[in-house]
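Participant: predicted coordinates and the sequence they were generated for:
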Amino acid sequence: MLADLGAEESCSQAVEQAVGNFGKLDALVNNAGVNDKVGLEHGNPNDYLGSLQRNLVQYYSMAHYALPHLKGSKGSIVSQFMTLLPGDVISTGTPAEVGLGVTPPQYLKVGDIVELGIERLGESRQLAVNFSEEQYNSTAV
């Protein structure tokens with residue numbers, strides 16, 4: 001299926017087509033985006049708003065339309081953003097030795113604290129929170 005995820009209606013249609021084809025939705029992999037190099041130095045507020053529309057608003061729209069189906073299947077949302085280029089800022093909340101990469105799998109739980117540091121670059125400390133009291137996997141840091 002091809003869709004312009006920048007158009008809200010296309011996001012809704014993509015979810016409904018997937019559910020129609022497969023009968024349910026177990027996961028949403030939010031991995032669409034483009035590094036358009038819009039930033040403080042090489043851009044302006046209007047370009048930045050366009051970049052947000054291309055790279056962030058579609059994440060919300062896809063999750064919004066997928067959510068009722070994911071709640072029904074107790075499914076998950078998996079999100080990634082874009083390819084990193086030299087000079088990009090790295091912000092992450094996934095430490096080594098968690099998730100599907102270990103046996104048995106170990107996932108972040110609400111209240112877990114993730115600390116990340118890169119020598120000569122900086123450190124980040126993030127708290128895992130739940131987006132909803134309902135029973136679906138939507139933990140974010």
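Facilitator: Looks like it came in fine. Numbers count the residues shown, from 1 in each chain.

Participant: show the backbone phi and psi for Gly39.
Facilitator: In this entry, Gly39 is assigned phi and psi values of phi -150, psi -170 (degrees, to the nearest 10).

Participant: so what's it up against?
Facilitator: For Gly39, no contacting residues are found, by C-beta atoms under 8 Å, 6 or more residues apart in numbering. The way it works is simple: take the backbone N, C-alpha and C, and place the C-beta from them, glycine included.

Participant: now for Ile113, how many residues are close by?
Facilitator: Burial of Ile113 is recorded as 11 neighbouring residues (other C-beta atoms under 10 Å).

Participant: could you list the domains of the chain?
Facilitator: Following automatic domain parsing, the chain resolves into domains at 1-83, 89-141.

Participant: now do the first one, average pLDDT.
Facilitator: If you average the pLDDT over domain 1-83, you get 83.

Participant: same question, stretch 124-139
Facilitator: Average pLDDT, stretch 124-139: 61.

Participant: follow-up on the earlier one: what's the most buried one of the domains of the chain?
Facilitator: Mean neighbours per residue, mean count of other C-beta atoms under 10 Å, is largest over the domains of the chain for domain 1-83, with a mean of 14.

Participant: mind listing the strands for the protein?
Facilitator: With DSSP state E, the ranges of strands along the chain come out as 27-30, 76-79, 113-118, 122-127, 129-130, 139-140.

Participant: can you dump the C-alpha atoms of the first one in CSV for me?
Facilitator: Spelled out, it's strand 27-30. C-alpha atoms of strand 27-30 as CSV (Å, rounded to 0.1, in the frame of the first residue of the first chain):
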residue,chain,number,x,y,z
ALA,A,27,1.3,-3.4,15.9
LEU,A,28,2.0,0.0,14.4
VAL,A,29,5.6,0.5,13.3
ASN,A,30,5.9,4.3,13.0
